[in-house]
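Q: Can you look at this prediction? I've put the sequence above it.
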Amino acid sequence: MFQRAGASFLLLLSIFQARAWAGNPQWVQVHSPNFTVYTDAGEKRGREVALHFEQMRAVFGTLFQKAKVSSSQPMYILAFRNNKEFRTVCPIWKGKAENLAGFFQQGNGVTYIALDLSTKETWQVVFHEYGHFLLNSNCSDMPLWFDEGFAQFFETIKVEGKDFVFGNIPQGTAEALQQYSWLPIDQLFSVSHDSPFYNEGNRQSIFYAESWLAFAHYWFFSPMQKQMVEYLSIEGPGVPPKEAIQRAFGMDSKALDKDLQTFYRTGRLHTYRNPLPAGLDNVQMTVTPVDEIDARVRVAELKLQMRDHQAEAVQEFGEILKQKPDDPVALRRLAYAALQKGDKQTAADYFHRAAATQSNDAHIYYFSAVLATQLGAQGDPALLAQMQKDLERAVQLDPTFADAYGWLALSYAWQDKGAEAVAPAEKAVELSPRNDQWAMNLASMYASAKRYDDAIHVCQRLTVSDNAAIAAQAKTMLNSLTQYKEMVAKYGQPRIVVQQEGSAPPSQSAKVVSNEDAPPEEPETKVLSFFAGTLTGVTCSGKQATFTVASGANTLILSAPDVRQVSFSGKGTFSCDLRNAKVKGFYDKDDNNQVVALEFQ
């Protein structure tokens, strides 16, 4: 009974909203080089919003000396003319819409910014989150204090005429610095996402305040910017903040504490005025009217990304399809909603209908590929080929779509197209440098392409990932790759030399040789696969043996048709009773995982 009442309420709500739209002012779409704004406040306000975001994006490029600023996801801005309309999309707190001036909503494949144009406080909170978005899209991982310090610094930037003004103190910062005990700077530099100083009341207040001050001082206003760059390059695993401070600044952490406090308390903090970057005087924009259905689609898509409004959004999309059955955004979003619920068949039906519209919406092809992975594309050649085709179309339509490149790389890798997988994997990391999953995939693809030094470089960074699973995976791969290089340095690059037919007896048709032993002309060679782990057991039957090797969470079963042909070395000898021995070596995964060389450690 309750479920029927709830469904009836949602239906009445969507009908009421559809009728309300009929009396609303005309929505327009303003498209600038890097932003798409939808607004019911008219063309003039829409242009102002687009220009302001173009200016802030360009200012970011100036601050970080980047000629090209990237966005890891497509972005849409919904600018509402008044608070009444804006509150219909706000997050809900204790049954009521939160009292906000704007908010930033990042989702799967697309980011939305919602603004209330009737208030003067619109920009600050939005530009704080947009600052994080730009860091994530353009910069490698930085310490938490740096990210939060920059986001606060960025939110206070003001555009005045042809200049931008920076260095203003964020709201509440002066009070926090006056009321609360400051963190020692080595502790500030160590705060992580799970720290009380990032999550709890007054502690959070002083962390944010001091992060802003340290960023402003050492990144922009201090002659020690070079030392801060050096600090950021050396701090990390094995180099605690105190040691990194001493090495980079030439002083201990207590002296740096004093320097930061003196900077603030002697009134040396000022605002500065700089000219806006060139090219912002005449930003090219196109303005087109948006019909009622298209405006409803964009609002519903924002709501679908918000837990508080998802059911309402699904209901709204259903109503939209009754009026416009071929709306591609409504179709793909309902497909994705079905996919989230595990209803793969309904999702597939919606995706097929969306694809039939031949839309130039990259998300249709991207989400269709995501569905393919859940339908078992990795083991289905036809489905995998279609997945690759969809993703190639997605990145053609949107060359900045990081996630589409990431999945495209996987589609190549799953088809054993290792050489083709590397380029889109690199592009995904370039466009989304802080996405550790795409970076981990790239390391794997480098290793598959035998670019071991590149794979090691990526793994070294990922060993300190905030994602514990990725950090563990990176450590395992780094260890294996390092040991592989040690084996190669010790024994030479292993290869199997396949003799031409009739040139040797069958029992001698293959052997391991080093580079210097290789015959002048090889008919065919291939690199063996490396393994390292714990030998948990050996099963013998005559001259045959089976080796079980545990490596992390994985178990590798190796075969030896004739153990006399296996090259054993190291701190032990072969025995059928071997257990719990640390080993490493090479095997041929294309020949029933046949072990070729095994070293006891």
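A: Perfect, I can see it now.

Q: Which elements pack onto the host helix or strand of residue 260?
A: In this assignment (DSSP states H and E), residue 260 forms part of helix 253-265. The helices and strands touching helix 253-265, judged by 3 or more C-beta pairs under 8 Å, 6 or more residues apart in numbering; DSSP states H and E, are helix 185-188, helix 201-215, helix 241-249. Quick note: C-beta positions are derived from backbone N, CA and C, even for glycine.

Q: Skip ahead from the first one and say which helix or strand is next.
A: If I follow you right, that is helix 185-188. Sequence-wise, the next helix or strand downstream of helix 185-188 (DSSP H and E) is helix 196-199.

Q: what about residue 233, is that helix, strand or coil?
A: Using DSSP: H, G, I helix; E, B strand; the rest coil, the structure places residue 233 in helix.

Q: re the thing from before, nearest to residue 169, of the helices and strands packed on helix 253-265?
A: Smallest distance to residue 169 across the helices and strands packed on helix 253-265 (C-beta to C-beta): 7.9 Å, for helix 201-215.

Q: Could you list every helix and strand in contact with the closest one?
A: For helix 201-215, the elements it packs on are helix 144-155, helix 173-179, helix 185-188, helix 196-199, helix 253-265, judged by 3+ C-beta pairs under 8 Å, 6+ apart.

Q: CA atoms only: put it into PDB for me.
A: Provided in PDB are the C-alpha atoms of helix 201-215 (Å, rounded to 0.1, in the frame of the first residue of the first chain):
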ATOM      1  CA  GLY A 201      34.800  20.600  13.700                       C
ATOM      2  CA  ASN A 202      37.400  23.000  15.100                       C
ATOM      3  CA  ARG A 203      40.300  20.800  14.000                       C
ATOM      4  CA  GLN A 204      39.000  21.000  10.500                       C
ATOM      5  CA  SER A 205      38.800  24.800  10.700                       C
ATOM      6  CA  ILE A 206      42.400  25.200  11.700                       C
ATOM      7  CA  PHE A 207      43.500  22.700   9.100                       C
ATOM      8  CA  TYR A 208      41.700  24.600   6.300                       C
ATOM      9  CA  ALA A 209      42.900  28.000   7.500                       C
ATOM     10  CA  GLU A 210      46.500  26.900   7.900                       C
ATOM     11  CA  SER A 211      46.500  25.100   4.500                       C
ATOM     12  CA  TRP A 212      45.400  28.300   2.800                       C
ATOM     13  CA  LEU A 213      48.100  30.300   4.500                       C
ATOM     14  CA  ALA A 214      50.800  27.800   3.700                       C
ATOM     15  CA  PHE A 215      49.700  27.600   0.100                       C
END
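
Q: what's the burial count for residue 252?
A: By other C-beta atoms under 10 Å, 13 other residues sit near residue 252.

Q: so what's it scoring on pLDDT?
A: Note for residue 252: predicted pLDDT of 94.

Q: Report the contact partners of it.
A: Listed by C-beta atoms under 8 Å, 6 or more residues apart in numbering, the contact set of residue 252 reads 242, 245-246.

Q: Drop anything exposed from the residues you listed.
A: 242, 245 (16 or more other C-beta atoms under 10 Å).

Q: Among the contacts of residue 252, find me the one that's closest to residue 147.
A: Nearest to residue 147 out of those is residue 245 (C-beta to C-beta; 19.0 Å).

Q: which strands and helices sit next to the longest helix seen in the chain?
A: For the chain, the helix with the greatest residue count under DSSP state H is helix 468-491. Other helices and strands packing on helix 468-491, by 3+ C-beta pairs under 8 Å, 6+ apart, are helix 436-448, helix 452-462, strand 529-541, strand 581-588.

Q: Now the shortest one: buried residues?
A: Which is strand 581-588. Applying 16+ other C-beta under 10 Å to strand 581-588 flags 581, 583-588 as buried.

Q: Show me the shaky parts of this protein.
A: Confidence mapping of the chain against pLDDT under 70 gives the ranges 1-24, 491-528, 552-553, 570-572.

Q: Let's see that with 50 instead.
A: 1-21, 495-527 (pLDDT under 50).

Q: per-domain residue ranges of it.
A: Following automatic domain parsing, the chain resolves into domains at 1-147+277-316, 169-270, 325-434, 528-601.
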